[in-house]
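*Asks:* just coords:
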């Protein structure tokens, strides 16, 4: 993973407010076949579940990097929020696989153990892990 992508990941997790500035378009297509995208939606940047999820991800950047994850914090009213039919209020977690398909959706904090297990069961991730152990 390049230093720029690692920096983006860290900024996306630790940024105050939204990880993407207001009005900035999020292009999920740029991540297809490269990254797994975690979308965190909330109309309130201080929502307890959003704060907890960001904190959990920030505390395990190694696991995030190993799984080629990129994190976006967005408003439900954003273009991406509308595209995924996210509820206008509360918190929504969505995992998008490298193939661009939705793999997981929760309206609450997702334990990293559950998130990583979901990713690690994916065929593409299985191949990545095999390649890593063969090197």
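*Replies:* Noted; the coordinates are in hand. Note that this is a predicted model, so its numbers are computed, not measured.
*Asks:* List the contacts of the most centrally placed residue in the chain.
*Replies:* The chain has residue 38 as the residue nearest its centroid, 1.4 Å off, counting by C-alpha atoms, centre = their mean. By C-beta atoms under 8 Å, 6 or more residues apart in numbering, the contact set of residue 38 is 57, 69-72, 93-96, 115. Just so you know, the C-beta spots here come from the backbone N, C-alpha and C atoms, and that holds for glycine as well.
*Asks:* which one of those sits closest to residue 121?
*Replies:* The nearest member of these to residue 121, counting by C-beta to C-beta, is residue 115 at 11.2 Å.
*Asks:* burial of that closest one, as a residue count?
*Replies:* By the criterion of other C-beta atoms under 10 Å, residue 115 has 26 neighbours.
*Asks:* Now it: which helix or strand?
*Replies:* Here residue 115, judged by DSSP states H and E, is contained in helix 112-120.
*Asks:* re earlier: which one (most neighbours) among the contacts of residue 38?
*Replies:* Compared across those, residue 115 has the highest neighbour count, 26 neighbours, by other C-beta under 10 Å.
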